[in-house]
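Asks: Below are the sequence and a predicted model; questions follow.
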Amino acid sequence: HQLIEQQAAQRPDACAVRGDSGPLLTYAELNQQANQLAHRLIELGVEPDTRVAVSLRRGAEMVVALLGILKAGGAYVPIDPDLPSARQAYMLEDSSPQAVLTTRDLSDNLPASDLPVLVLDGHDDRAQLARQQSVNPNAKALGLQPNHLAYVLYTSGSTGTPKGVMNEHLGVVNRLLWARDAYQVNSEDRVLQKTPFGFDVSVWEFFLPLLTGAELVMARPGGHQDPDYLAQVMSDAGITLLHFVPSMLDVFLEHRSTRDFPQLRRVLCSGEALPRALQRRFEQQLKGVELHNLYGPTEAAIDVTAWECRPTDPGDSVPIGRPIANIQMHVLDALGQLQPLGVAGELHIGGIGVARGYLNQPDLSAERFIADPFSEDPQARLYKTGDVGRWLTNGALEYLGRNDFQVKIRGLRIEIGEIEAALAKHPAVHEAVVTAREDIPGDKRLVAYYTQSAEHTAVDLEILRSHLQQQLPEYMVPAIYVLLGAMPLTSNGKLDRKALPAPDGDALISRGYEAPQGEVETLLASIWADVLKVEQVGRHDHFFELGGHSLLAVKLIERMRQVGLSADVHVLFGQPTVAALAAAAGGGSEVVVPTNLIPEHCDRITPQMLPLINLSQAQIDHVVKDMPGGVANVQDIYPLAPLQAGILYHHISAEQGDPYTLKALFALSDRARLDDFSGALQGVINRHDILRTAVLREDLDEPVQVVLRQAELHVTELFLDSADGPVDEQLHQRFDRRHYRLDVRTAPLMRIVFSHDPVNDRWLAMLLCHHLVSDATSLSVILQEIQAHLLGQGKALGEAVPYRNYVAQARLGVSEAQHEAFFRDMLGDIDEPTLPFGLQDVQDRGRNLEEASVTLAAELNLRLRAQARQAGVSVASLMHLAWARVLGNVSACEQVVFGTVLLGRMQAGDGADRALGMFINTLPLRVDIGATTVAEGLKATHERLTALLGHEHAPLVLAQRCSGVAAPTPLFSALLNYRHSVVSDVSAEAASAWGGIESFGTEDHTNYPLTLNVDDLGDAFTLTIQAVQQISATRIGEYMQVALRSLVDALEHTPQAALNSLSILPDDERELLLTGFNDTAHPYPRDVLIHQLIEQ
């Protein structure tokens, strides 16, 4: 009030308060009437921190009342006269006000109480007020300080009863002075007051214009909900600054007349997420007017962050901005630790604006207002907002929704706001709201509510679904769509989610009914209808469009088995209609026999000759008919090994290119050395069955690999012009894995392309190979054997180990039931995937991976190995534990699951160490980083890794099936590949063999968005990180180094420390989050009260 008193002294005759029909009060009149009311309140016993209730309609009396209460030293408590009587009674009882201010027309509606009531327009009270002094009350004599209460606002409580939030002068003054400067508010401005006074936006609407000498324009009661009235007032009064809740702004832009507002300079938005589409529409309709997005809960002084919207802003969401003056914002995990840049966490508010707490609720206050661990002030506190957000690289915060709007469906956390933003981007959609409804007990489904753009006619629901499918994973696409005439709003103009109607059957997407045909389709349609709880299912209806999901898919498959129909969940995901599923339903058992029975010079292969796979004669004939050399050239046919099956799946799924194409570039001194090299490689191919293998899947129950007796290496010359750039770069570009694919149906699955490089007088050869037939160990063996052939020692090589031995071992070793029991025990209660930074695309859909490598410091290497020895575990266990800590932090979860790459040769039979082929397997490892100590975590990780080796041949799909995360959602999206990569000196013999041939290394990538390769060099460690560009491989490498140091420090000094307390943040990022983004200090006066800025 002191800020306002300053204006009264400087501008006594200027208009302070204006109504929609003209001036109401000058600054002198406002100050005099408020002073008289203040002195009367003091007589009634009002003093600092006492409360005074206000039950008034919007008008001049309201402004006088609020200002008078502040001058008396009290805190005002708004009691909206339109609230239910019971709620008014609760607020009056809870706040225990010293008095109640009202008018004659409202006094009879007040709940009965013994409280003193001042009827401001009543005859007796007006007479008493007129006799009061008109001078400013002496704040010092009253003992009034900036840390005394200014107001108590009641907000909805989770228990059903409202809770009173206590805010002090200090924080409010800071917010008002910041706004004065940020928005350059001065005496030329006219600010519209239209927010109900029970909401904190009204605080700045009342006091910001008065402390700057501007005009406060009061909208009529209820006017805030009438767009045409608002437009009229804005035009007539020449409003320059006003506030809108986004949903009300949307309504206003939709309904306002064509007249423009030449005086309007700024519009502030807060209270809800501001959609980007609404920002764009605002910019089109109100050209030249600034739009600002602010954020702040009632538990802080009005707003704590701010963002000026600009047409050039990227992205689909509008940031809530940066912290305002003297406010600090932190994004913390559930343990109160800083979340890394870009990782979601709960928003916490610190600084001068934090409220005192909740009136009469000390336990809740202690729970939500906590000590600030990042401040040097022992009295500093943080407010836990319950809002989810993350820091952007530009130092702004992105709002991701409420904790209670973060829906969890079938174990998957789903941010509703992301779906709403995607749906709102469709041109036919005006507004979009998504909720999770459980109208059928136990079956929670996403429901999309939308209103239609005025310029669009009715849109087909299938088009909306298709629009979302292009942007979101399947589990985030709503099954039900409800068209509304308008969104239900609360009295404050905010969306009323509780008033959204239950959907009816028409809201489900249907493809037009066509009756099932035949016995199987009819049976299936009946099962679908029962499982999906729908009345009718046609033969072309889509399982997921009818509300199906992965868990219902499992139930459906089980129901099918019960009636003698066999199918796999993956069949359902691939063919999700009744007709297609009926055609694919079937079954079969596999026969496992360990030996190959195809004789040489065979003219027809029969099913009995194939002990490792069950194929019909027709399928065999289909497989061999197009093989080069015919049947006589087919040596064997058998199924894929587990990881081969996964690699083939990703090969098929890739829309273009192939994430599993390996490249190695060689420079050769002349054409003769090129011929020597390719001849030596052909010699290696002739020895190993896996290198003469093709993979086929068309018209087969499962993919097969066909081994040829002879397969010729394809060597192709390219004529590249060095004028188009370096020849090596042209080769890499032409065979970039993002668009180049090897044909896996043609053996061998490797080829050489070469070109002359005249600039460097050399020949460049690109060796292309598919991961289906080779892993890192195989590449090493291939190079050793090429060397032997180059030296003329090829015949001296030992007998080659057939890859079929491994396939047989994988099928004959640990049974599927044993694999399943192991993984069910490890993963059975995991119902959330581990998705660092929310990355969930494991299909490599054309993204760019970047790579960064770092060698660990020598002292850290020694300390890691020493701690591993002391704990009796492998160093790999420490690496896995540190990686789990990193992933847990950037995924915001404590039950961490990631893929670990296993060598796959420990149980692959004799000679597996020198066999060629794809042996490695990726399997999930679970590491619990919550509620355990560092020492316990290391022990558990080592035991799990050891146990996992016994299941190194298990299919990944089986492991995922044993978790609570149902396909097609990935169980994890990050890998760790621990490799022993001891580097040996090059012998004279090797140097001779490779003379004139220089290798530039191999290029190898996975389909996962985040991979850590740890190369154990014996006396050193190299970390190589492959990551999608938006998260930065270098940054992840820094996190891993900090995690390793934190881990080894804890093992050395505090092994009983909590595992989840280990830091992963480098010092520079920690400094950026704590101080760089919170450099908000501003020397606003801290000894001034709100009313004093008007008085003076």
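Replies: Great, that's in hand. Only a predicted model underlies this, so the values are computations on that prediction, with no experimental measurement involved. Residues are numbered from 1 along each chain as shown.
Asks: Name all residues that make contact with Y229.
Replies: A219, R220, G223 (CB atoms under 8 Å, 6 or more residues apart in numbering). (Each C-beta comes from the backbone N, C-alpha and C, glycine too.)
Asks: where in the stretch 151-300 of the chain is pLDDT low?
Replies: Within the stretch 151-300 of the chain, the segments meeting pLDDT under 70 span 157-160, 256-259.
Asks: how does the chain divide into domains?
Replies: As assigned by automatic domain parsing, the chain contains the domains 402-507, 518-584, 607-800, 836-981+1014-1064.
Asks: For the residue of the chain positioned farthest from its centre, give its distance to L101.
Replies: Distance from the C-alpha centroid of the chain peaks at R131, with 63.1 Å (CA atoms, centre = their mean). Separation of R131 from L101 (CB to CB, to the nearest Å): 18 Å.
Asks: now swap in L938 and tell me
Replies: 66 Å.
Asks: three-state assignment of L948?
Replies: helix (DSSP: H, G, I helix; E, B strand; the rest coil).
Asks: whoops, I349 was the one
Replies: Taking three-state DSSP, the label given to I349 is strand.
Asks: What's opposite it in the beta bridge?
Replies: Beta-bridge partners recorded for I349 (DSSP bridges): M329, Y383.
Asks: quick revisit: most tightly packed of the domains of the chain?
Replies: Mean neighbour count, computed with mean count of other CB atoms under 10 Å, is highest for domain 836-981+1014-1064 among those, reaching a mean of 20.
Asks: and the end-to-end length of that domain?
Replies: With CA to CA, to the nearest Å as the measure, domain 836-981+1014-1064 spans 14 Å from end to end.
Asks: ok, now stretch 1020-1037?
Replies: First-to-last distance for stretch 1020-1037 - CA to CA - comes to 16 Å.
Asks: swap in stretch 789-804?
Replies: 24 Å.
Asks: okay, and for the stretch 501-650 of the chain, where does confidence drop off?
Replies: Checking the stretch 501-650 of the chain against pLDDT under 70 turns up 505-512, 544-545, 547-555, 558, 561, 566-575, 584-594.
Asks: And the helices in it, which stretches?
Replies: Counting by DSSP state H, counting those that start in this stretch, one finds helices in the stretch 501-650 of the chain at the ranges 518-532, 550-562, 569-574, 578-584, 617-624, 642-653.
Asks: is it possible to export the ones you listed to CSV including distance to Y90?
Replies: Formatted as CSV, the helices of the stretch 501-650 of the chain follow (distance: least, CB to CB, whole Å):
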stretch, distance to Y90
helix 518-532, 45
helix 550-562, 43
helix 569-574, 52
helix 578-584, 56
helix 617-624, 76
helix 642-653, 58
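Asks: Mind checking the ones you listed for the one nearest to L70?
Replies: helix 550-562 (57.2 Å; CB to CB).
Asks: what ranges do the helices span in the stretch 1-150 of the chain?
Replies: Ranges of helices within the stretch 1-150 of the chain are 3-10, 27-43, 60-71, 85-95, 104-107, 123-130, 139-142, based on DSSP H, counting those that start in this stretch.
Asks: And for the stretch 951-1096 of the chain?
Replies: Under DSSP H, counting those that start in this stretch, the stretch 951-1096 of the chain gives helices at 956-961, 988-993, 1033-1053, 1067-1071, 1092-1095.
Asks: Isn't K194 up against R220?
Replies: No. Look at K194 against R220 with CB atoms under 8 Å: they stay out of range, at 9.2 Å.
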